[in-house]
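# coordinates only, sequence not included:
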């Protein structure tokens, strides 16, 4: 099929490459000329302005995939497409948009008869080669029409063993790595929860390895101190243990390179999905302690000392005369 | 090699089977005659009492693997072995003992010159076929002596892709699925943290799927409600997504069988390792929010209503006259 | 001063009473005739419709206090006031509105030259007698104009000891129990955080008393079991201990009435402020574990068993063959 | 009455002062001569060695109060008292000992017929003047015998309003600020939970004020930013609000002195009770999210960056090529 891609960063660029290599043809647009040139070499057709994009698409309906950072730039781009496309054309937002924005935008585009599809896309830098796991929201007809594109981008069955009982009951597409999750917004909603879970899984490993590493602390009794080899532990858990996963594979690879991980500062970013997941839990009145704790650990990692912690010290001083950090307490001092 | 196995439950029995099938020979003991008969058919030699166990072992040093529930029965069995074995013999605790018990027991057995090895064993009901992931604590000499047993029990390299950079730096054994983690206790310590992480990972998925499922709640705005197919979501995440793991494979298999999981009550057990992991974190002053929240979620799952929750209602009644559960508030009532 | 009160529930009604008793005069409106009659007896002037409200106010600027449940009814009422008041008049929202709604509404009313003030009001059923703690948002001029009302509603200095150093630096009003927190929205924002903290404090007591109560559990070693008298404990902590507070006073009163608190089901409601507090923390990237855990405990209290917990059991069954709730495990079974 | 005090730090010294001033007579011992001299001036009788202590006590039974830091020094001191006292004499541990140590020690002393009483003591630097809130464990006879001492140390009824319904049902002692909580260990157990709750309460305020303070962050929309005066907020909440408490009084006092609390580093200590509270919760299978989160926040406050956080960054780099801290992402980059 033919589609236009707006945004040729790591994700958008690789999606174009994967589509081109499997016989689809792409019109491409990005602020970066270098990004466009790279893809032109692979057969994609670059255009100079957003206005040139729609005319360059020959097939009908025209399909435009937007792959930009969630937020203002995605919003503006999609708004502007309303004036450049015709009834029956299709806009795909493949970025990490908030699903309520999808719902709102799809209503706006529907006024011009333009269809809207949201695609949550997982796969990161590995997607070009392994394929992308796709979670799709939109109407059945439109999603079915786009099937050849999704089928190409998804990883396919590969070597992954079938889930027992799947064949009898399940949808072929899930086994090939993409699903039609529901109406508009459902794709990004499912992807959002995916990322929320991702935070929780990552934090579980992080805490476990933290406890393993601090088992060599001076403060522990001598015969209960172990100087554990974390790379070996990660490696062995990859093999037949209950905690094996792709994230563990990545941890093992990082730990074998550097047991101290000293190239990382320890300040950890978060993106919208982790936050929106908690908002969704709260809207539904679902307790989500682990996913929230994982998000908060990232917040905390980026602050040297919180104001709240200073207030704790101030209270302790107030009721017990504890001066935090004092070194030689008077004989016989007993804490409050 | 030859060894004796005490405890022929799901784990001990299957370990014997795997050893017998790979050319080792086992003397076996259990309270259950049926369990012994089943293994006798595979060539194991059953004995009627614990006293008969050591005499039935011909090789020297004698090796006795204890595979019983952690706690009193393991303690008593190991204590009693001190009088039945000789200096140089080896006791292996392959159960889920607390690592501080290992340290204490090894000192006790050392008084008789008996060696002690602790083996954290992961693999569950799948171990017979796939092999067991083994985390071993003990002295280098003894662990090396036992290598043929561990090599047989471990899964081996199999189809799992090598970790980049492993070959140059790592220990062959980790790739085959077993490690010598450190001195006595280190094996069970690493297994304990493994299980702590397992709780955290499981809870991350549990919360994520809970939010997905409650997205169809009546309380949400109509156009933000989705009736999501959880089996499809679990299946697609197995393919190219960041959250793929063995636990997700198991979730997908469960959800394809029954989307409601109504065969499960929702009361979730916990075993010692999850609790000891938190104790270890606290001893080391390591923050472990996610692992703790996962444990507490299990505690909470087993109580209908906590006393603490009733106290919350009592306080709310005290300051605001809130009667929890009241249905028709008077016009114009504003909450505290 | 003269003001109109819309909404004569527990809070609105008592505020009118307190104002009338201290020489202010109130025009009152509510759907409930009974509520209006009760206040008419105290000298308030009831009106039959919202349209009659403004004409009944003689002073200029006219002051209308809205005291309705946060959400749709407050929104509609305030919207409708735009057409009934004149430039220079003042609308006060004293309910528990979301502060972003305040900001939006104040912009809407400003188009008609109407002023908007938000008042977070704490005090519950005790406010009539003890006075209300008020957190006020709005422009300096308007808040200053309303000072006589706020001064009357606030508790005043009373018996509460002065904070050392306050007199030299602080604002008189804070000591009398009301503050001008900042521009529009700031009053409700501060009240919102107040309630968020309230959840955290309550949950801290709830958990502590839960641990005290379960110290008599059969599962504990005999000589470590205590049958503690919770009413006595709450009472003694009121006297010279670090955890003394009004919430503890209320807990003591509840526990002396009924040590089992069996009149409460354990299902605990939550209102908007607890949820919005977490949203604010997330917007600011502030870790707020305790406040969030307190909210989630309430969510969890209202569900018999979560779907997530069933999924935990399903996974446990998948990897270990654990059937949750099974009673007589086979001899020698060792967990995962 | 007459008693001996071992340990004349802030707590022990002030307890002696309060006893002396109310007509009791104390024999005192400490490593610090200055501490002994100070109390000698108030009429206490100092002794040079532990051996001189018992002979200096004239009354029978002899009463020795140990007020030392929990742990080794308390353990050794109490052990040594077994050889210096006679059957019928009484040892009081008024420090912050772990209640299981109390149980063990009391059994040890019982072999010599010596009684053991544990007293959890709250009141900090304020106790001398306001009195101490006492939670007492031991046998009824012994605790009754010591009543004059406890009555003197406790705050008494004071100005604190009676709990409604108390008089009819409750024990007089609780209203005077001391309780006989149960058998040996119960006093320290109740004090331990008191401190666990204290951590939770403190963290609730800390988080709330953190959110208030960060409401001025640049990252927020202009009209949703407030520059709040935290001292005023703390002050107003002391007056008629649901969150009023002694800890809030202390916070208000600290904030009026310094709104930035810049004299505190933000590194917050913890002592045994907070940790043991979590251990008790886990033993009882009680979910205690808030108390645990409060403890973990203190752990986290003392570390610059955890190893776990570095592992998070390593995983993020592994799956998404995210380099934490990178400043200018390539155009169109979309996060995993």
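Received the coordinates, thanks. The model shown is predicted, which means the values in this text are computed figures rather than measured ones. Residues are numbered from 1 along each chain as shown, chains lettered A, B, ... in the order given.

# which strand of chain A spans the most residues?
Here the longest strand in chain A is taken by residue count, with DSSP state E as the criterion, and it is strand A:115-122.

# so, in contact with chain B or not, it?
Yes - judged by C-beta under 8 Å from any C-beta of the partner chain, strand A:115-122 and chain B are in contact via residue A:122. In this view, the C-beta of every residue, glycine as well, is placed from N, C-alpha and C.

# quick one: strands adjacent to that strand?
Pairing partners of strand A:115-122, with direction, according to DSSP bridges: strand A:90-93 (parallel), strand A:133-137 (antiparallel).

# am I right that residue A:180 is in a helix?
No - the secondary structure assignment for residue A:180 gives strand rather than a helix, going by DSSP: H, G, I helix; E, B strand; the rest coil.

# any idea what it is bridged to?
In this structure, residue A:180 has the following beta-bridge partners (DSSP bridges): residue A:136.

# surely it touches residue A:143?
Yes - the pair residue A:180 / residue A:143 is scored as a contact, 4.8 Å apart, by C-beta atoms under 8 Å.

# my read: residue A:35 touches residue A:11, true?
No - judged on C-beta under 8 Å, residue A:35 makes no contact with residue A:11 at a distance of 11.7 Å.

# looking at those two, which one has more neighbours?
Applying other C-beta atoms under 10 Å in any protein chain shown to residue A:35 and residue A:11 shows that residue A:11 carries more neighbours, namely 28 against 23.

# pLDDT wise, what is the more buried one at?
With respect to pLDDT, residue A:11 has a value of 93.

# which residues touch residue A:92?
Each residue near residue A:92 by C-beta atoms under 8 Å, 6 or more residues apart in numbering or on different chains is listed here: A:3, A:63, A:64, A:65, A:66, A:116, A:117, A:118, A:119, A:146.

# which one of the residues you listed sits closest to residue D:264?
Of all the contacts of residue A:92, the one with the least separation from residue D:264 (C-beta to C-beta) is residue A:118, at 47.3 Å.

# deepest-packed of the strands paired with strand A:115-122, please.
For the strands paired with strand A:115-122, the stretch with the most neighbours on average is strand A:133-137, a mean of 29; neighbours defined as mean count of other C-beta atoms under 10 Å in any protein chain shown.

# what's that one in contact with?
Counting by C-beta under 8 Å, 6+ apart, strand A:133-137 makes contact with A:99, A:102, A:117-123, A:143, A:150, A:153-155, A:177-191, A:194, B:233, B:236-237, B:239-241, all of which sit outside it.

# what's the answer for stretch A:42-61, then?
Here stretch A:42-61 makes contact (C-beta under 8 Å, 6+ apart) with A:1-6, A:16-17, A:20-21, A:25-29, A:36-37, A:39-40, A:62-64, A:77, A:80, A:84-86, A:88-90, A:115, A:145.

# touching chain C at all, stretch A:248-265?
No - on the criterion C-beta under 8 Å from any C-beta, stretch A:248-265 is out of touch with chain C, staying 15.2 Å away.

# from the chain's centroid, how far away is that stretch?
On the basis of C-alpha atoms, centre = their mean, to the nearest Å, stretch A:248-265 sits 20 Å off its chain's mean C-alpha point.

# ok, now stretch A:260-272?
16 Å.

# how long is it from one end to the other?
Stretch A:260-272 has an end-to-end distance of 29 Å (C-alpha to C-alpha, to the nearest Å).

# mind listing what's buried in that stretch?
A:261, A:264, A:266, A:267, A:268, A:269, A:270, A:271, A:272 (16 or more other C-beta atoms under 10 Å in any protein chain shown).

# now do the SS call for the first one.
Here residue A:261 is coil, with the state taken from three-state DSSP.

# how about the fifth one?
Reducing the assignment at residue A:268 to three states with three-state DSSP gives coil.

# wait, it touches residue D:309, no?
Yes - the pair residue A:268 and residue D:309 qualifies as a contact (C-beta under 8 Å) at a distance of 5.4 Å.

# same for the helix or strand of chain A with the lowest mean pLDDT, what does it pack against?
Across the helices and strands of chain A, mean confidence by mean pLDDT, DSSP states H and E is lowest for helix A:166-169: a mean of 86. The elements that helix A:166-169 packs onto, with contact taken as 3 or more C-beta pairs under 8 Å, 6 or more residues apart in numbering or on different chains; DSSP states H and E, are helix B:246-257.

# now with 10 Å, please.
Contacts defined by 3 or more C-beta pairs under 10 Å, 6 or more residues apart in numbering or on different chains; DSSP states H and E place helix A:166-169 against helix A:172-176, helix B:230-237, helix B:246-257.

# the first one close to chain C?
Translated: helix A:172-176. No - applying C-beta under 10 Å from any C-beta of the partner chain, one finds that helix A:172-176 is not in contact with chain C, the shortest distance being 17.8 Å.

# does that helix reach chain B?
Yes - counting by C-beta under 10 Å from any C-beta, chain B has neighbours in helix A:172-176: A:173, A:174, A:175, A:176.

# does the strand or helix carrying residue A:312 reach chain B?
Residue A:312 is part of helix A:307-320 when elements are defined by DSSP states H and E. No - counting by C-beta under 10 Å from any C-beta, chain B has no neighbours in helix A:307-320; the shortest distance is 12.6 Å.

# name the nearest residue to the residue nearest to the spatial centre of chain A, ignoring sequence neighbours.
Most central residue of chain A, judged by C-alpha distance to the mean C-alpha position with C-alpha atoms, centre = their mean, is residue A:195 at 5.0 Å. Across the structure, with C-beta to C-beta, 6 or more residues apart in numbering or on different chains as the measure, the residue nearest residue A:195 apart from its sequence neighbours is residue A:273 (3.6 Å).
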